[in-house]
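Trainee: What shape does this take:
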Amino acid sequence: MKKSTIKTRLLFSAIAITSSILVSCVYFNTFYNAKMFFSEAEKMRAKKEGEFLGNNITDKYKKVIEKSNIVINNYPDSKYFDDALFLNGKAHYYRREYDLAEATFKTLLSTNPEDYGILSEYWLALLKWKLGKPQPALEYLNQIIPRTDKKELLASIYQSQAEIFLELKQDSIAVLALEKAAELTKNRKDKGQIYYRLAELAQAIQNYELAIDYYKNVIKFSYSNERVMDANLKIVQRYRDLNDLQKASKEIQSMLIDPEFSKIHGDLELELAKLELTQNNNEAAVLTLEGIVVKYPKTEISAEAFYLLGEQSLLKKRDFVKADYYYKQIQRESSKSTFNQQGKVRIKELDKYQKSKNILKEINKIISLPDSSINANENVSVDTLKAVLELYNLGELEAFYFNQTDTSIIYFKQIINDFPNSELDAKAMYTLSYLYDQAADTNQSLKYKDIIVKKYAESEYAEDIRLNNKFKDYGVSRFALLSNAESLYSANSDTVLSAYKNIADLSNSETAKRALLFIANEYNYKLFDPDSAYKYYNQITIRFPESEQAKVAKDRLKYININKTEITSSNSE
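Mentor: Now for the predicted structure:
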């Protein structure tokens with residue numbers, strides 16, 4: 001063989017080898033980039049902890065798909081083909097491209113069941129859940145469990161089952177699944193996240209002792225310093241929930257002197273103030289809160305401190321001016337504060353309170369004038385309805401918003417005593433009876449209930465008293481009689497008209513109006529007795545001239561009169 005031929009063959013071999021190496025480098029680099037983008041996306045997704053993924057994360061997964069598709073489409077025989085397909089399927093899943101993800105995992109299941117069979121089945125089970133089939137997804141996951149001994153995969157399966165159970169509102173089963181996942185996983189970061197989820201669930205069902213145990217495991221396993229700080233703070237809060245104030249205080253004091261916890265010192269001082277409030281050590285709490293707003297300005301911590309200062313000024317000191325100032329500071333401290341809305345509500349309540357006070361002040365000025373002055377000036381008069389409305393507003397605010405039951409009772413009694421026939425007389429008495437019930441003063445409560453049932457027998461308040469009173473038999477109301485008559489009607493009883501007539505004769509009440517209209521309609525449409533129909537329609541217009549029933553009755557009377565005229569004319573012919 002000639003030397004030139006040998007050289008040529010060697011050259012071609014070198015080129016082939018070099019080309020092969022270059023191709024391998026190309027698809028390896030492409031696959032490496034896909035893995036890198038996937039890893040970055042996963043880190044970002046982990047921080048979201050179940051929240052909606054933003055464009056920056058979904059764009060990362062899109063790059064995973066683009067890079068893995070190069071390997072899948074251009075290098076189908078490479079050793080990275082199945083790995084690229086697996087990355088591709090997961091990226092589609094997290095981008096909520098469920099149909100594409102399903103097709104990818106089914107392809108992987110059919111092409112490489114040995115290496116990717118169970119993993120593909122796991123992701124296909126998750127897709128059933130995401131496509132609105134949670135129960136089949138759970139069954140599919142249960143079928144996988146006995147077929148693998150890989151602890152990390154089992155941990156993922158139990159975590160996924162927990163998510164599905166939570167969606168199905170089966171929290172207790174979800175907790176069991178998460179506990180299994182925490183026990184199985186060797187990944188410290190995952191273990192910390194699972195325990196945090198368990199702690200939040202325990203807190204939600206108010207099992208505070210269990211929550212504390214879980215938070216301690218969060219501290220033990222979490223890499224994140226922020227998560228460790230949060231868990232320590234949550235432990236303090238749960239001790240407060242358990243009313244174990246001594247332990248809570250001890251934990252706070254030890255962390256406040258530890259520089260390691262300097263990032264949460266503001267939160268800890270806020271917790272200390274809340275402990276002092278729980279112990280009714282209000283003066284100490286106010287001093288702590290005043291210190292917080294100075295040391296941690298323009299934060300959510302200072303915003304909450306201002307809210308608590310407002311509550312102290314309003315409910316304890318009754319300093320409405322200072323309370324208003326504190327509530328208005330919340331928004332200025334932090335627009336993100338969860339207390340902004342509560343502060344705005346308080347500001348409106350205080351504004352409403354002050355307006356009512358001012359109106360009553362003007363009314364009282366008029367009342368205090370000599371009768372001769374009032375008579376001499378036609379423009380000076382007492383607006384009784386306005387006075388009653390403002391008194392009721394004040395009573396309602398004091399009782400149900402400012403925790404001042406005794407003060408509210410004064411306002412409600414003023415309505416009853418000074419304006420005994422006002423539109424809010426019955427309502428004021430009903431509210432008083434409720435407040436006395438809450439105070440376990442049965443005698444006072446029954447006193448006002450008796451008056452309501454006698455004086456306002458047909459009111460909704462009297463009806464409620466008759467239906468719900470446990471201490472006294474107030475008899476049967478006309479509403480009940482009407483209901484009985486209606487039940488007779490539905491049974492086609494012959495006694496129905498008699499029952500309705502008894503109701504109609506009782507008084508000029510709401511039930512009487514309804515009964516009269518029913519009787520008139522029965523005679524008009526069912527019994528074809530126009531004379532009797534005319535009689536009862538006419539009664540409605542006389543007894544209840546301004547009612548809606550009267551409008552109907554007047555129309556029917558016109559129609560009956562027209563028919564009578566036509567019949568008379570026909571007979572005369």
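
Trainee: and residue 117, what is it in contact with?
Mentor: residue 109 (C-beta atoms under 8 Å, 6 or more residues apart in numbering). (Each C-beta comes from the backbone N, C-alpha and C, glycine too.)

Trainee: And the pLDDT for it?
Mentor: With respect to pLDDT, residue 117 scores 89.

Trainee: so where do the helices sit in the stretch 351-500 of the chain?
Mentor: In the stretch 351-500 of the chain, the helices defined using DSSP state H, counting those that start in this stretch lie at 371-376, 384-400, 405-418, 425-438, 442-455, 460-468, 478-490, 496-504.

Trainee: Need those helices in CSV (columns: mean pLDDT, mean neighbour count and distance to residue 554).
Mentor: Shown next, in CSV, are these (pLDDT from 0 to 100; neighbours: other C-beta atoms under 10 Å; distance: least, C-beta to C-beta, whole Å):
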stretch, mean pLDDT, mean neighbour count, distance to residue 554
helix 371-376, 49, 10, 42
helix 384-400, 93, 19, 30
helix 405-418, 96, 17, 37
helix 425-438, 94, 20, 30
helix 442-455, 92, 17, 32
helix 460-468, 80, 16, 27
helix 478-490, 48, 16, 23
helix 496-504, 66, 19, 18
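
Trainee: In terms of residue numbering, what are the domains of the chain?
Mentor: 383-468, 478-572 (automatic domain parsing).

Trainee: hang on, the earlier thing: of all the helices of the stretch 351-500 of the chain, which one is nearest residue 56?
Mentor: helix 384-400 (47.0 Å; C-beta to C-beta).

Trainee: Same list (the helices of the stretch 351-500 of the chain) but as JSON lines, adding distance to residue 351.
Mentor: Formatted as JSON lines, those follow (distance: least, C-beta to C-beta, whole Å):
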{"stretch": "helix 371-376", "distance to residue 351": "30"}
{"stretch": "helix 384-400", "distance to residue 351": "11"}
{"stretch": "helix 405-418", "distance to residue 351": "18"}
{"stretch": "helix 425-438", "distance to residue 351": "22"}
{"stretch": "helix 442-455", "distance to residue 351": "31"}
{"stretch": "helix 460-468", "distance to residue 351": "29"}
{"stretch": "helix 478-490", "distance to residue 351": "39"}
{"stretch": "helix 496-504", "distance to residue 351": "46"}
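
Trainee: among the domains of the chain, which is nearest residue 253?
Mentor: Per C-beta to C-beta, nearest to residue 253 of the domains of the chain: domain 383-468, 30.9 Å.

Trainee: what about that closest one, distance to the chain center?
Mentor: A distance of 31 Å separates the centroid of the chain from that of domain 383-468, by C-alpha atoms, centre = their mean, to the nearest Å.

Trainee: Then stretch 147-156?
Mentor: Counting by C-alpha atoms, centre = their mean, stretch 147-156 comes out at 37 Å from the chain centroid.

Trainee: ok so, going back, okay if I get the domains of the chain as CSV plus distance to residue 364?
Mentor: CSV is the format used below for the domains of the chain (distance: least, C-beta to C-beta, whole Å):
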stretch, distance to residue 364
domain 383-468, 9
domain 478-572, 34
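
Trainee: closest to residue 245 out of those domains?
Mentor: Using C-beta to C-beta, these put domain 383-468 closest to residue 245, at 22.2 Å.

Trainee: Quick check: which element contains residue 29?
Mentor: Using DSSP states H and E, residue 29 sits in helix 3-48.

Trainee: pLDDT of the helix or strand just after that helix, averaged?
Mentor: Toward the C-terminus, helix 3-48 is succeeded by helix 55-74 as the next helix or strand (DSSP H and E). In this model, helix 55-74 has an average pLDDT of 82.

Trainee: ok, and what's touching helix 55-74?
Mentor: Residues contacting helix 55-74 (C-beta under 8 Å, 6+ apart): 27, 30-31, 33-34, 37-38, 40-41, 44-45, 48, 78, 80-81, 84-85, 87-88, 91-92, 94-95.

Trainee: quick one: the next helix or strand after that helix to chain centroid distance?
Mentor: Next along the chain after helix 55-74, taking DSSP H and E as the criterion, comes helix 81-94. Offset of helix 81-94 from its chain centre (C-alpha atoms, centre = their mean): 38 Å.

Trainee: could you give the angle of helix 81-94 to helix 55-74?
Mentor: 150 degrees (axes from the mean of the first three to the mean of the last three C-alpha atoms, to 10 degrees).

Trainee: which secondary structure elements does helix 81-94 contact?
Mentor: Judged by 3 or more C-beta pairs under 8 Å, 6 or more residues apart in numbering; DSSP states H and E, helix 81-94 is in contact with helix 3-48, helix 55-74, helix 98-111, helix 113-130.

Trainee: Skip the chain neighbours and tell me the closest residue to residue 127.
Mentor: Excluding the flanking residues, the one nearest residue 127 by C-beta to C-beta, 6 or more residues apart in numbering is residue 102, at 5.0 Å.

Trainee: My read is that the one you found contacts residue 128, right?
Mentor: No. Contact criterion C-beta atoms under 8 Å: residue 102 and residue 128 do not qualify, at 9.1 Å.

Trainee: mind listing what's buried in stretch 147-156?
Mentor: 148, 153-156 (16 or more other C-beta atoms under 10 Å).

Trainee: repeat for stretch 194-205
Mentor: 194-199, 201-203.

Trainee: How about stretch 181-193?
Mentor: Residues 181-182, 184-185, 190-193 are the ones in stretch 181-193 that count as buried (16+ other C-beta under 10 Å).

Trainee: Is it possible to get a markdown table of the residues you listed that adds pLDDT, distance to residue 367 and secondary structure?
Mentor: Shown next, in a markdown table, are the buried residues of stretch 181-193 (pLDDT from 0 to 100; distance: C-beta to C-beta, whole Å; DSSP: H, G, I helix; E, B strand; the rest coil):
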| residue | pLDDT | distance to residue 367 | secondary structure |
| --- | --- | --- | --- |
| 181 | 94 | 73 | helix |
| 182 | 93 | 72 | helix |
| 184 | 93 | 78 | helix |
| 185 | 91 | 76 | coil |
| 190 | 87 | 74 | helix |
| 191 | 91 | 73 | helix |
| 192 | 90 | 69 | helix |
| 193 | 89 | 68 | helix |
